[in-house]
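**Student:** Fold the following.
(one chain, ligands or ions: 2)
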Amino acid sequence: MDSSSLSELSQTDEEFTQVSLTRSRKRKKATKGTSIAARARKRRVADETLFSETQSSVGTTGTASLISNLSTSSTQIARGKQSLQLEEQAKKAKAPTRKRKVKEPPPEPTLADFAPRAKNDWKIGAHVSGAGGLENAVTNAASIGANAFALFLKSNRKWESPPLTEDTITRFRSRMRVLDYNPTFVLPHSTYLINMAHSDEGKREKGYQCFADDLRRCEQLGLTLCNFHPGFVSAGGTKETAITNIATCLNRAHREFPSVSTVIECMAGTKNVVGASFQDLADIIKLVEDKTKVGVCLDTCHMFAAGYDLRTKKSYEMTMEDFDSVIGLRYLKGMHLNDSKTPFQSNKDRHENLGIGTLGIQSFRNIVNDPRTKGIPLVLETPGFDCETVWRKEVEVLNRISARPIGVSDEDCQEEAVVEEIRRTIGAAEEAGYGAKGKVPKSRTSHGKTAKGKKRKKSGRGEEEDGEDDDDDEISEDG
Ligand SMILES: [Zn+2]
Ligand SMILES: [Zn+2]
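**Tutor:** Ligands and ions are numbered 1, 2, ... in the order given. Next up is the predicted model:
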């Protein structure tokens, strides 16, 4: 791409951002305006209006079906007797039937409802929320301009969740089609509790069943990848048996759910975790019978914590060559793009927004300009600040810097400038009363309220408040 078309692209991206920011603000405003009380009031007024309409119309054109369809509001019960009399009158009059208007669900979104997404061979997105129905994950992805996304298939901290409803399955599949998402770029994240490495057969089985339930959900939704944490060496167990246990579970999963590939995530190296080294991952894969069904997800924060450097062009190259020689590039099925709050080799799993942590923006520039990471989901798990703007900015920045290979000088991709853009967006989100998930700044009061007294909103990532942060620490040996 030449420089003139590059600047054209940049301009368009900027415009897209402006348009989508405005839309987002409007949407937020609209949602905020409709309080529960206001909605209830509206519904009550509607019911009463309908009732009085019924009464006046029944004498002339009213019908039995119209009255029997009415909801039983208290007003209606009070006037029930009168209604029955009216019903009789209506029957006698044999008036033509007229059905009550059933409240329609909001129309399904179309591609035109969202700002156009960047055209890019690097499929960049975020781990979005599926709260209120997993179908919402698809629209949440479209809202931030994501070309890829991740989601939890159920509560990520519970052993059991209700099955997906037919309605969710239908809408999810339809939105994937309508909003132009390919399952190849969707990387669902399995439950954190699972430890298929466990040496206790009962606990391992419990983990497997929970994992199998995730894979079933993938099949129902038409998704083809499922990302999971390999697990921990349990008390009295060895790394070797832990790895064998994981591979045995994967072989079973591949037989039971042939349409889904399992994707092992690399870990930060906390305690007795499996998967903090490329060698661990390679050892698991070695024991997998159908190698076309297994892959790896590299999390930049975890890699860095575990001792794989990405910060310079040279260190990044070495890490990727290491990956290729130990595991093999053909197994790379996705990446989690997270900056880190902690230093190199810290073995700690603390995600930070891009460019603001110890990895720095150059690490991500290395990734989104590397042909080896084209065509796989590249998913942010950075603090989302419970609003769309921060991820939208990070997605936009990544798309922008990926169109500018290293060495191409351009104002738009100067490291300091793009990091400053991200900082400003975070600043604006905080100013508006949004807090980074689980981390209320010290300037704010406790009990989930900001200094301004606004209640903190539910997480912008995943179904629960919990995010990827600390995930290495959360699972216990008993998990
Ligand atoms: Zn993590
Ligand atoms: Zn993870």
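
**Student:** Quick one: the strands in the stretch 101-250 of the chain, in order.
**Tutor:** Per DSSP state E, counting those that start in this stretch, the stretch 101-250 of the chain carries strands over the ranges 123-127, 148-150, 225-228.

**Student:** in stretch 147-167, what's buried?
**Tutor:** Across stretch 147-167, burial judged by 16 or more other Cβ atoms under 10 Å covers 147-157, 161, 164. Any C-beta I mention is one placed from the backbone N, CA and C, and that applies to glycine too.

**Student:** circling back: mean neighbour count, the strands of the stretch 101-250 of the chain: which tops it?
**Tutor:** Among the strands of the stretch 101-250 of the chain, judged by mean count of other Cβ atoms under 10 Å, the one packed with the most neighbours on average is strand 123-127 (a mean of 28).

**Student:** is that one anywhere near ligand 1?
**Tutor:** No: applying Cβ under 5 Å from the ion, one finds that strand 123-127 is not in contact with ligand 1, the shortest distance being 10.5 Å.

**Student:** Domains in this structure, by residue range?
**Tutor:** Following automatic domain parsing, one gets these domains for the chain: 38-93, 109-474.

**Student:** Among those, which comes closest to K101?
**Tutor:** domain 38-93 (8.5 Å; Cβ to Cβ).

**Student:** OK, contacts around L354?
**Tutor:** Contacts for L354 were tallied using Cβ atoms under 8 Å, 6 or more residues apart in numbering; they are 337, 339, 361, 364, 380, 382, 394, 397-398, 419, 422.

**Student:** part of a helix, is it?
**Tutor:** No: when the secondary structure is assigned by DSSP: H, G, I helix; E, B strand; the rest coil, L354 falls in coil instead of a helix.

**Student:** can you offset everything so residue one is 548?
**Tutor:** Fine by me, first position is 548 from now on; the one you just mentioned is L901.

**Student:** Please report how far it lies from G679.
**Tutor:** 27 Å (Cβ to Cβ, to the nearest Å).

**Student:** With I969 instead?
**Tutor:** I969 sits 28 Å away from G679, going by Cβ to Cβ.

**Student:** Point out the most buried one among the domains of the chain.
**Tutor:** For the domains of the chain, ranked by mean neighbour count under the definition mean count of other Cβ under 10 Å, the leader is domain 656-1021 at a mean of 20.

**Student:** What average pLDDT does that domain get?
**Tutor:** Domain 656-1021 shows an average pLDDT of 89 in the prediction.

**Student:** Nearest spatial neighbour of the closest residue to ligand 1 within the stretch 648-797 of the chain, chain-adjacent residues omitted?
**Tutor:** With distances taken as Cβ to the ion, the stretch 648-797 of the chain approaches ligand 1 most closely at H776, which sits 9.1 Å away. The shortest distance from H776 to any non-neighbouring residue, by Cβ to Cβ, 6 or more residues apart in numbering, is to E812 (5.5 Å).

**Student:** With E941 instead?
**Tutor:** The shortest distance from E941 to any residue that is not its chain neighbour, by Cβ to Cβ, 6+ apart, is 5.2 Å, and that residue is L901.

**Student:** Quick check: beta-bridge partners of I671?
**Tutor:** On DSSP bridges, the residues paired with I671 through beta bridges are L925.

**Student:** so it touches F696, yeah?
**Tutor:** No: using Cβ atoms under 8 Å, I671 is not in contact with F696; the gap is 9.8 Å.

**Student:** follow-up on the earlier one: backbone dihedrals for the residue nearest to H776, both of them.
**Tutor:** Per-residue torsions, E812: phi -90, psi 140 (degrees, to the nearest 10).

**Student:** Show the contacting residues for it.
**Tutor:** Contact criterion Cβ under 8 Å, 6+ apart gives 774-777, 822, 843-844, 846, 849, 883 as the residues in contact with E812.

**Student:** Equivalent analysis for D827, please.
**Tutor:** Applying Cβ under 8 Å, 6+ apart, one finds that D827 lies in contact with 777, 786, 790, 821.

**Student:** I832 too?
**Tutor:** By Cβ under 8 Å, 6+ apart, the contact set of I832 is 811, 838, 841, 843, 874, 878.

**Student:** what's the closest of the residues you listed to ligand 1?
**Tutor:** When the contacts of I832 are compared for distance to ligand 1, the smallest value, 14.1 Å, is given by I811; criterion: Cβ to the ion.

**Student:** just checking, the closest one touches P777?
**Tutor:** Yes: between I811 and P777 a contact is recorded at 5.5 Å, counting by Cβ under 8 Å.
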